[in-house]
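> Give me a model of this one.
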Amino acid sequence: MTVADGEPAAAVPASNPQDNQTSDPKPSENPMDATESKPVAQPADSLDDLGLPNSAADGLVTKPFPKPLEGVQPEPPAQLTPEQNSKYEQVLKEVSSWTKVPVSLAKGAEERPLTDDDRMFLTRECLLRYLRATKWNVSDAVKRLRNTLAWRRDYIGDKLTPEYISIENETGKQVILGYDIHGRPCHYLIPSNQNTKTSPRQIEHLVFMLERVIDIMPPGQESLTLVIDFNQTKSGQNATISQAKQTLDFLQNHYPERLGRALVINIPWYINAFLKVIWPFIDPVTQKKLIFNDDLRKHVPPQQLMADVGGDVKFEYRHSDYWPALTKLAERRREAYRQRWIAGGKKIGESEFYLRGGEERATTETTAPTGEQQLEEKLEKLAVDNDKAAETTPTASAS
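Numbers count the residues shown, from 1 in each chain. As a prediction, the model looks like this:
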């Protein structure tokens, strides 16, 4: 979880498990052999070749789980009031009119045309998250959405690749594993596994993993559960005050409403002191989502919870197993998401429920009908009932 301010560190060759392969064998002299050796192409959403486990029942686990346990469902979304829906429509109209956005948050930054990635980011649920985070202030939500697009272009772009980030996770200091009782992906932060010195790449690592958590969210879910385990953490392994402030800044400004719950356990005294210092910088809504030293089995099904924190999953972090599996799982989910967005017409305001593979093409939040709409529905029903009655009433014979 540690992150830092300052200038980017000098480029360091990333340790990519996929690079640690033996040299390619000599090409076959028989063209037919070469053809037969080609791997069979997998559909964008197919995971059969990854050998992913589903629960503790699979024995020793070294790869991420691709889905929640059977029967685990996200909580139903809140119903929008007519006023809230009106504000959503205002935001949708405004962002749909954008043709250019800045390339960074720097003052006077150049503006460039909106890309497909920008448009795909602006889903119905995304606009609603920013509205909720700004207490339904339309102008504030629009401003923050525009700032986030600029930030994503500059900070994420094409830079945060699995190869570049790999070295940061070689010891498993961050792990995405399992889903909580509401289908939220669980993102573990384990400071005792810290393996690198303070650098900007540590914050980039956190952003990269947050993006992967979002990639693997099931239909109807838009938030995550953080599991922060300070067991065996030594002084100096946790984030500095500066790092914590920077992390809170981008989480609250660019990932609003993404935190569903934060489960914090095994807190040593110096972490308690640290939390007291940064507590005023944490949004009050976020503060309510933090739960300290609770029984994690109440929040995450034991069959998908690490044994180290009270669950039944015997998990061992093996970078050469975990990192390629997480990378491919996220890539395929992301590609399936994109293909659905394209098939749906590349719309701003598209439903994430649909994009994540939901069975119905529908938004995840509904609007409460207005009084006028309710009256219209009653009149329509009355007209239908009258028509049916007329059809069943016998007519008199002509004399």
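> Now stretch 324-338: average pLDDT?
Averaging pLDDT along stretch 324-338 yields 97.
> Can you pull the phi/psi pair for residue 177?
Main-chain dihedrals, residue 177, degrees, to the nearest 10: phi -150, psi 120.
> can you list the domains in this structure?
Domain segmentation of the chain under automatic domain parsing yields 82-158+334-355, 168-317.
> mind checking the end-to-end distance for the last one?
Read it as domain 168-317. This stretch, domain 168-317, spans 13 Å end to end (Cα to Cα, to the nearest Å).
> do the same with the first one
This stretch, domain 82-158+334-355, spans 25 Å end to end (Cα to Cα).
> who's in contact with residue 230?
Counting by Cβ atoms under 8 Å, 6 or more residues apart in numbering, residue 230 makes contact with 191-192, 238, 264-268, 271. Using the backbone N, CA and C atoms, a C-beta is placed for each residue, glycine as well.
> Might you calculate how far stretch 185-202 sits from the centre of the chain?
18 Å (Cα atoms, centre = their mean, to the nearest Å).
> Out of the domains of the chain, name the one with the poorest average pLDDT.
Lowest mean pLDDT of these: domain 168-317, a mean of 91.
> hang on, the earlier thing: quick one: which of the contacts of residue 230 sit in helices?
If you go by DSSP state H, the contacts of residue 230 have residue 271 in helices.
> Please indicate which of the contacts of residue 230 are buried?
Buried residues within those, counting neighbours by 16 or more other Cβ atoms under 10 Å: 191, 238, 264-265, 267, 271.
> From the residues you listed, which land in strands?
Among the buried ones among the contacts of residue 230, the members falling in strands (DSSP state E) are 264-265.
> can I get the buried ones among the contacts of residue 230 in CSV with distance to residue 167?
Output for the buried ones among the contacts of residue 230, formatted as CSV (distance: Cβ to Cβ, whole Å):
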residue, distance to residue 167
191, 17
238, 20
264, 26
265, 27
267, 28
271, 26
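> Out of the buried ones among the contacts of residue 230, which two sit at the greatest distance?
Farthest apart among the buried ones among the contacts of residue 230 by Cβ to Cβ are 238 and 265. That separation is 13.9 Å.
> Give the burial count for residue 110, as a bare number.
By other Cβ atoms under 10 Å, the residues close to residue 110 number 9.
> Spatially nearest residue to it (excluding sequence neighbours)?
Take residue 110 and drop its neighbours on the chain: the residue closest to it by Cβ to Cβ, 6 or more residues apart in numbering is residue 103, 5.3 Å away.
> got a list of what the one you found touches?
Neighbouring residues of residue 103 by Cβ under 8 Å, 6+ apart: 109-112, 150, 153-154.
> And the buried ones among these, selectable in PyMOL?
Buried residues among the contacts of residue 103 (16+ other Cβ under 10 Å), as a PyMOL selection:
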select buried, resi 150+153
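> Is it possible to get the contacts of residue 103 out as TSV so that each row also shows distance to residue 282 and secondary structure?
TSV is the format used below for these (distance: Cβ to Cβ, whole Å; DSSP: H, G, I helix; E, B strand; the rest coil):
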residue	distance to residue 282	secondary structure
109	29	coil
110	34	coil
111	33	strand
112	34	strand
150	24	helix
153	27	helix
154	25	helix
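> Nearest to residue 121, out of the contacts of residue 103: which one, please.
Closest to residue 121, out of all of the contacts of residue 103 and judged by Cβ to Cβ, is residue 153, at 10.5 Å.
> Help me confirm that the closest one comes into contact with residue 105.
No - using Cβ atoms under 8 Å, residue 153 makes no contact with residue 105, being 9.5 Å away.
> Show me which positions of stretch 160-177 end up buried.
By 16+ other Cβ under 10 Å, the buried positions in stretch 160-177 come out as 160, 162, 164-170, 172-177.
> Greatest separation within those residues: which pair is it?
Between any two of these, the greatest separation by Cβ to Cβ is 22.4 Å, found for 164 and 177.
> ok, which stretches of the stretch 201-350 of the chain are strands?
Listed in chain order, the strands of the stretch 201-350 of the chain (DSSP state E, counting those that start in this stretch) span 224-229, 259-265, 290-292.
> Highest mean neighbour count out of the ones you listed?
Most buried of these, by mean neighbour count (mean count of other Cβ atoms under 10 Å): strand 224-229, with a mean of 23.
> which other helices and strands contact that strand?
Packing contacts for strand 224-229, counted by 3 or more Cβ pairs under 8 Å, 6 or more residues apart in numbering; DSSP states H and E, involve strand 185-189, helix 200-215, strand 259-265.
> what angle sits between it and helix 200-215?
Between strand 224-229 and helix 200-215, the angle formed by their directions is 130 degrees, by axes from the mean of the first three to the mean of the last three Cα atoms, to 10 degrees.
> Which residues outside strand 224-229 are in contact with it?
With Cβ under 8 Å, 6+ apart, strand 224-229 has contacts from 1, 180, 184-192, 210, 213-214, 217, 258-266, 296, 299-300, 306, 308-309.
> centroid residue for the protein?
Nearest to the mean C-alpha position of the chain, by Cα atoms, centre = their mean, lies residue 214 at 1.5 Å.
> Now do the same contact list for that one.
Residue 214 neighbours (Cβ under 8 Å, 6+ apart): 224, 258.
> Helices along the stretch 101-250 of the chain, start to end?
Assigned by DSSP state H, counting those that start in this stretch, the helices in the stretch 101-250 of the chain fall at 116-121, 124-133, 138-151, 162-165, 200-215, 241-254.
> So which other helices or strands are in contact with the second one?
Right, the one you point to is helix 124-133. Counting contacts by 3+ Cβ pairs under 8 Å, 6+ apart, helix 124-133 packs against helix 82-96, helix 138-151, helix 352-355.
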